[in-house]
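Undergrad: after the sequence you'll find the predicted model.
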Protein chains: 2
Amino acid sequence: MTFAKNCAGAMILAAMCLPAQAQFAKPEDAIKYRKASFTVMSAHFSRLGAMANGRAPYDAKAAADNADVVATLSKLPWAAFGEGTDKGDTRAKPEIWKEAAKYKDAADKMQAEIMKLNTAAKAGNIDALKVAFGPAAASCKACHDNFRKD
Amino acid sequence: MTFAKNCAGAMILAAMCLPAQAQFAKPEDAIKYRKASFTVMSAHFSRLGAMANGRAPYDAKAAADNADVVATLSKLPWAAFGEGTDKGDTRAKPEIWKEAAKYKDAADKMQAEIMKLNTAAKAGNIDALKVAFGPAAASCKACHDNFRKD
C-alpha cells in the first residue's frame, strides 16, 4: 500500500519533471532557477494586483503585457522540483514530494487561473481583471500555505 | 559640456526606466528582480546553445519553446536599473549609469539578436538555429564584458 502510494507519487513527480530531464547540471541550479521564475512572476502579478485593487491606475496595455509575462513564467518552475532539490537554499516543504499528486493539482490549478487572468487582462476593462485576479491570487496563496515554509 | 553629457545620459536612462516607474518599492527589489530575470533567461538560452552546439539533440518544439521564454525575458531586466540600484547585492558596473547610451545600445542589440534567434528557432531546422545562436551569444557576452563585474 505504502509502496504503491510511493510509486504513484514518484510517477506523478517524474511526469512533472520530464521536460526538465538533464536540464539542470546541479540541484542548486534548479533551485536558483525556480526561485528566480517565482520572483519574476510575482513582480508582474503584483502589478496586476495593484490595478485590480485600485492601488495603481488601470492601464489596459500594461495589464495585457504583465499578464503575458505571468502566463509565460507560470509554466516554468515545476520542472525544477526534481530529485535532490528538496534541500539547500529553498523554502520548499517536504510535502511537495511526499504529496506529489496534491502538489501537481495545486500547480495545475494555478496555471489554469493564470490563463483565465491572461484572457481577462486582454479584455481591456478593469472589471474583467478584477473578477479574474482574486481566484488567481488565491491559487498562489493555496500553494504557499501548503507547500512553502514561512 | 559635462553637464550636457550628464543630462543626455540621464535622459537616456530615464527613457529606459520609464516603464518601471514606481514598479519597485525598494532598490533591492529591483536588483533581485533583474537578477532573477537574467537567471531564467540564461537557463533557457543555454538549452538553445546545447542544441546549437551539438551537446543536446535538436528538438524543434523545445527550441521554439525555449526561444519564446528567452524573448519574453529579454525585455524585462532593463527597467530595473533605476536610481539607487547601482549598489547592494549586484555585479552591475558603474558604467551602466556613467555610459548610459552605450549600455542602452548594448541592451537593444541583445534584444534584436534574441528576436532573430526566436525567428530562427521557429524555422524548425537546426541550421537556422546555429546561424542565429552565435551572434545572440556574442551580444550577451559583450554586455557582460563591459558592464558586469567578474
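TA: Received the coordinates, thanks.

Undergrad: residue A:61 and residue B:135, how far apart?
TA: Applying C-beta to C-beta, to the nearest Å, one obtains 30 Å for the distance of residue A:61 from residue B:135. In this view, the C-beta of every residue, glycine as well, is placed from N, C-alpha and C.

Undergrad: higher neighbour count, those two?
TA: In this comparison of residue A:61 against residue B:135, neighbours counted by other C-beta atoms under 10 Å in any protein chain shown, the higher total goes to residue B:135 at 15 against 8.

Undergrad: residues of chain A that sit close to chain B?
TA: Remark: the part of chain A in contact with chain B comprises A:22-24, A:29, A:32-33, A:35-37, A:39-40, A:43, A:47, A:56, A:68-69, A:72-73, A:76, using C-beta under 8 Å from any C-beta of the partner chain.

Undergrad: among those, name the buried ones.
TA: With burial judged by 16 or more other C-beta atoms under 10 Å in any protein chain shown, the buried subset of those is A:23-24, A:29, A:32-33, A:35-37, A:39-40, A:43, A:47, A:56, A:69, A:72-73, A:76.

Undergrad: just those: which are in strands?
TA: Taking DSSP state E as the definition of strands, those contribute nothing to them.

Undergrad: shaky segments in chain A?
TA: Regions of chain A meeting the criterion pLDDT under 70 cover residues A:1-22.

Undergrad: could you pull out the helices for it?
TA: Using DSSP state H, the helices of chain A run over residues A:2-17, A:27-52, A:60-74, A:95-98, A:100-121, A:126-147.

Undergrad: roughly how far does the spatially most central residue of chain A sit from residue B:126?
TA: Centroid-nearest residue in chain A, with C-alpha atoms, centre = their mean: residue A:74, separated by 4.9 Å. Separation of residue A:74 from residue B:126 (C-beta to C-beta): 29 Å.

Undergrad: and for residue A:116?
TA: Per C-beta to C-beta, residue A:116 is found 37 Å from residue B:126.

Undergrad: residue A:148: neighbour count?
TA: Counted by other C-beta under 10 Å, the residues lying close to residue A:148 total 14.

Undergrad: that one: what's it in contact with?
TA: Under the criterion of C-beta atoms under 8 Å, 6 or more residues apart in numbering or on different chains, the contact partners of residue A:148 comprise A:91-93.

Undergrad: kindly check the end-to-end length of stretch A:115-134 for me.
TA: Its start and end residues considered, stretch A:115-134 measures 13 Å (C-alpha to C-alpha, to the nearest Å).

Undergrad: what residues of that stretch count as buried?
TA: By neighbour count with 16+ other C-beta under 10 Å, stretch A:115-134 contains the buried residues A:115-118, A:120-121, A:126, A:128-129, A:132-133.

Undergrad: thinking again about what came up before, filter the contacts of residue A:148 down to the buried ones.
TA: Burial by neighbour count, 16+ other C-beta under 10 Å: within the contacts of residue A:148 this picks out residue A:92.

Undergrad: ok, so of the contacts of residue A:148, who is nearest residue A:83?
TA: Looking at these and their distance to residue A:83, the nearest is residue A:92, at 12.9 Å (C-beta to C-beta).

Undergrad: isn't residue A:44 up against residue A:71?
TA: No - applying C-beta atoms under 8 Å as the test, residue A:44 and residue A:71 come out as separate, 9.6 Å apart.

Undergrad: which of these two has more neighbours?
TA: Neighbour comparison, residue A:44 and residue A:71: the larger count goes to residue A:44, with 22 against 19 (by other C-beta under 10 Å).

Undergrad: ok, that one - contacts?
TA: Neighbours of residue A:44 in contact, by C-beta under 8 Å, 6+ apart: A:66-67, A:69-70, A:73.

Undergrad: and for residue A:131?
TA: Taking C-beta under 8 Å, 6+ apart as the contact definition, residue A:131 lies against residue A:120.

Undergrad: could you do the one 4 residues further on as well?
TA: Residues near residue A:135 by C-beta under 8 Å, 6+ apart: A:113, A:116.

Undergrad: what do you get if the cut-off is 10 Å, keeping everything else the same?
TA: Residue A:135 sits next to A:109, A:112-114, A:116-117 when contact means C-beta atoms under 10 Å, 6 or more residues apart in numbering or on different chains.

Undergrad: my guess is residue A:81 contacts residue A:95. True?
TA: No - contact between residue A:81 and residue A:95 fails when scored by C-beta atoms under 10 Å: they sit 11.6 Å apart.

Undergrad: which residues are common contacts for these two?
TA: Here residue A:81 and residue A:95 share the contacting residues A:103, A:147, scored by C-beta under 10 Å, 6+ apart.
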